[in-house]
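K.L.:
my questions concern the predicted model and sequence given below.
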Amino acid sequence: MARWRGLPDALPPARLPLMREPSRRLRLFLLASLLGLGFVTGISVVAGQAGGAISSVYERANIHFAAVDLYKPRETNVTDLEFKLAPLVLQEVAPRDNSQGKQEDQFGALDFEKGRPALDRSKPTIYVMVEPVQIQRTSYLQLTYFWFYALKRPTSQRALPVQGVRITLNSAGAPVVWEVLADSSGPELIFVADSLERASAAEFGLPLPGRKFAIEQRVAKEPRVVVARVISDGPLPMGPIIYLSRATHRVATLVCRCMPAQAGQTRRSCTYDLIPLNPSAAGLLAQVRTSLQTTTAFWPGDSGGAQPLEQSLRLPSAAW
């Protein structure tokens, strides 16, 4: 018979001390410890995966395009706020390509005349919706600009069928937050004004681990949300410059018009029609969304489906 180390040989087997069954409290403690270890490990894996995506977003914010096509709004109703804040779109192109642009990189106008949405790429068009929003019990104004490259899921998983930016104004009417509609690499991109970042830093201190800016939430809390860069405050309210990567329509970076250019040659300059839409268009846009079957950070006219901005960012508690 095998002997247990430390017990006398002469001790009769019947008198061996029995191992007591762990108490219920001890069993629960051990189970909670194991689950806790798994939870922490899971967070570490998610944070590690998010860290790589976050780093790539920070890096591409400083990208420089060799050649671009410029799209600017047609000069109508130039005194309207929608026109003043409309984006300049810089679409990356091949430097030696003298064609009029690839078909998949042309955004167009929606057409509902035949009952089903169609896209006319011969008419570059950007749509805009203006809506109030409550953030931390204070009312602010948001302008959502968006445009379409296709009305169905593209064959290439890298090419986005829709793109856009949602601009939130501060209490003085200046743009301070720019949210990107879609990104093929996964993260939800946000750009913020320098004044808002400084206000967040004054209240919250240094950036959290794994983050670059004070306004960003903890990675474990918001692993998909990334503040790509801080934008200089312009001398007056103006639309951003949006740099779009070739073939993917991904926002490479976004800057104030007062900041240095990040492109070399401008191959051609085009105008687009700026079309304001009111909330009654939400139903038609929902129809388009169904046909696209693509993931977006938010959707025009669907304020209930978007994550509150105060959850995505560490916003200052005082009105900004």
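P.N.:
Arrived safely.
K.L.:
where exactly do the strands run in this structure?
P.N.:
65-73, 88-92, 109-111, 118-120, 125-135, 138-148, 162-169, 175-180, 188-193, 225-231, 241-244, 251-255, 263-277 (DSSP state E).
K.L.:
neighbouring strands for the longest one, and are they parallel or not?
P.N.:
So that's strand 263-277. Strand 263-277 has the following sheet partners, assigned by DSSP bridges: strand 65-73 (parallel), strand 125-135 (parallel).
K.L.:
got the ones you listed as JSON lines, with distance to residue 193 and mean neighbour count columns?
P.N.:
Every C-beta, even on glycine, is put in place using the N, C-alpha and C of the backbone. Formatted as JSON lines, these follow (distance: least, C-beta to C-beta, whole Å; neighbours: other C-beta atoms under 10 Å):
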{"stretch": "strand 65-73", "distance to residue 193": "21", "mean neighbour count": "19"}
{"stretch": "strand 125-135", "distance to residue 193": "15", "mean neighbour count": "17"}
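K.L.:
adding distance to residue 86 and mean pLDDT, write those strands out as CSV.
P.N.:
Shown next, in CSV, are these (distance: least, C-beta to C-beta, whole Å; pLDDT from 0 to 100):
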stretch, distance to residue 86, mean pLDDT
strand 65-73, 4, 97
strand 125-135, 7, 95
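K.L.:
redo these as a markdown table? Include distance to residue 241.
P.N.:
Below are the strands paired with strand 263-277 laid out as a markdown table (distance: least, C-beta to C-beta, whole Å):
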| stretch | distance to residue 241 |
| --- | --- |
| strand 65-73 | 9 |
| strand 125-135 | 14 |
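K.L.:
what about residue 264, distance to residue 140?
P.N.:
Going from residue 264 to residue 140 by C-beta to C-beta, to the nearest Å gives 37 Å.
K.L.:
which one of those two is surrounded by more residues?
P.N.:
More crowded of residue 264 and residue 140, by other C-beta atoms under 10 Å: residue 140, with 19 against 12.
K.L.:
tell me which of the strands of the chain lies nearest to residue 56.
P.N.:
Each of those was scored for nearness to residue 56 using C-beta to C-beta, and the closest is strand 225-231 (9.3 Å).
K.L.:
which residues does the closest one contact?
P.N.:
Residues from elsewhere that reach strand 225-231 (C-beta atoms under 8 Å, 6 or more residues apart in numbering): 53-54, 57-58, 60-61, 178, 187-194, 197, 211-213, 215-217, 240, 253-256, 259, 312-313.
K.L.:
wait, isn't residue 175 in contact with residue 168?
P.N.:
Yes. The criterion here is C-beta atoms under 8 Å, and residue 175 meets it with residue 168 at 7.3 Å.
K.L.:
more neighbours, the two?
P.N.:
Ranked by neighbour count (other C-beta under 10 Å), residue 175 and residue 168 place residue 175 first, with 26 against 22.
K.L.:
what sits against the nearest residue to that one once chain neighbours are set aside?
P.N.:
In space, residue 175 comes closest to residue 167 once its chain neighbours are excluded; the distance is 4.9 Å by C-beta to C-beta, 6 or more residues apart in numbering. Neighbouring residues of residue 167 by C-beta under 8 Å, 6+ apart: 85, 142-145, 175, 177-178, 240.
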